[in-house]
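Colleague: Task: produce atomic coordinates for the following.
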Amino acid sequence: MQKSIVRRKRFWILAGLTVILAVCCRDWLPLLLNQEALVQCLNIAEPWRSLAFVSAHIIATALGIPGTILVLVGGAIFGLVWGTLWSVIGATLGAIAAFALARYLLHNWFKQRFDQHPLFVRLNRIVGQRSLRCVLTLRLAPISPFNLVNFLFGLSAVPLRPYALGTFFGIIPGTLAYTWIGITGRQAIAGEKLWPLTLALSLLVLLSLLPVWVRWQSSRAGD
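Modeller: Reported below is the predicted structural model:
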């Protein structure tokens, strides 16, 4: 009984904080979908633009807003190395926040509703036993539904530690590719050579095949 009351209080506290965050940020949330406006705002935010960029990433990811534009902007403003680093940090922290929201707000309800469903039980057992591998495999796919995956893992049996580690290391290749596209894309628009952009896009295509290779290697190891 006491645990039920504590969980209920925690639910309403987190739900209230999420609503407050969304309301407080509603005026500038559209900026997260406007590349040029983001570049201008972050340039004005100097010398705090790194912190502003990471904070924007965290909020966008926690609220389920696509972060691709942010990654492209990171490449245009910070360059390949720092743009990738700040994007990976921001996206990972935001993914942890989204995971926590799903875990503490909806996990118990979801488990009670689907706990007897054979497919849910089987999937939950697999991701619980191979948490890090499952997270890494999904994160290595640069075109996977990143925000949806955050919430789904929060509803599963995956512990926080392998989720955080798998997310951090798994998104590095895809983030690097998108950051590079952000740099080379602006260069192409400015009239410079197109081959760097073509190379960056080719890297993204190759990375999209990486999860297939990982699964193939896993199946070979199982044999």
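Colleague: now whichever strand or helix holds Phe153: how far from the chain's centre is it?
Modeller: Phe153 belongs to helix 146-155 when elements are defined using DSSP states H and E. What separates the centre of helix 146-155 from the centre of its chain is 9 Å, taken as CA atoms, centre = their mean, to the nearest Å.
Colleague: Please name every helix or strand in contact with the helix or strand just after that helix.
Modeller: Helices and strands here follow DSSP H and E; after helix 146-155, the next one along the chain is helix 160-170. Here helix 160-170 touches helix 68-105, helix 131-139, going by 3 or more CB pairs under 8 Å, 6 or more residues apart in numbering; DSSP states H and E. Placement of C-beta: from N, CA and C, glycine included.
Colleague: Between those, which one is closest to Trp48.
Modeller: Closest approach to Trp48 among those is made by helix 68-105 (12.5 Å; CB to CB).
Colleague: Could you give me the buried positions within that closest one?
Modeller: Within helix 68-105, the residues scored as buried using 16 or more other CB atoms under 10 Å are 68-78, 80, 83-99, 101-105.
Colleague: where does this structure dip in pLDDT?
Modeller: For the chain, applying pLDDT under 70 flags the ranges 1-33, 114-115, 117, 142, 187, 189-191, 194-195, 208-223.
Colleague: since we're on Pro118, how many residues are nearby?
Modeller: 7 (other CB atoms under 10 Å).
Colleague: who's in contact with it?
Modeller: By CB atoms under 8 Å, 6 or more residues apart in numbering, the contact set of Pro118 is empty.
Colleague: if I look at it, how far off is Thr68?
Modeller: Counting by CB to CB, to the nearest Å, the gap from Pro118 to Thr68 is 36 Å.
Colleague: Likewise for Asn108?
Modeller: From Asn108 to Thr68 the distance is 32 Å (CB to CB).
Colleague: same deal with Arg103?
Modeller: For Arg103 relative to Thr68 (CB to CB), the value is 25 Å.
Colleague: now Ala98
Modeller: According to CB to CB, Ala98 stands 16 Å off from Thr68.
Colleague: what do you get for Arg113?
Modeller: Taking CB to CB, one finds Arg113 at 32 Å from Thr68.
Colleague: Ok, Pro162 next?
Modeller: For Pro162, the distance to Thr68 - CB to CB - is 25 Å.
Colleague: what do you get for Pro196?
Modeller: Separation of Pro196 from Thr68 (CB to CB): 19 Å.
Colleague: Kindly report the same for Thr61.
Modeller: Thr61 sits 11 Å away from Thr68, going by CB to CB.
Colleague: Just list the residues touching the closest residue to Gly64 other than its chain neighbours, thanks.
Modeller: Spatial nearest neighbour of Gly64, excluding adjacent residues (CB to CB, 6 or more residues apart in numbering): Asn147 at 4.5 Å. Neighbouring residues of Asn147 by CB under 8 Å, 6+ apart: 61, 64-67, 98.
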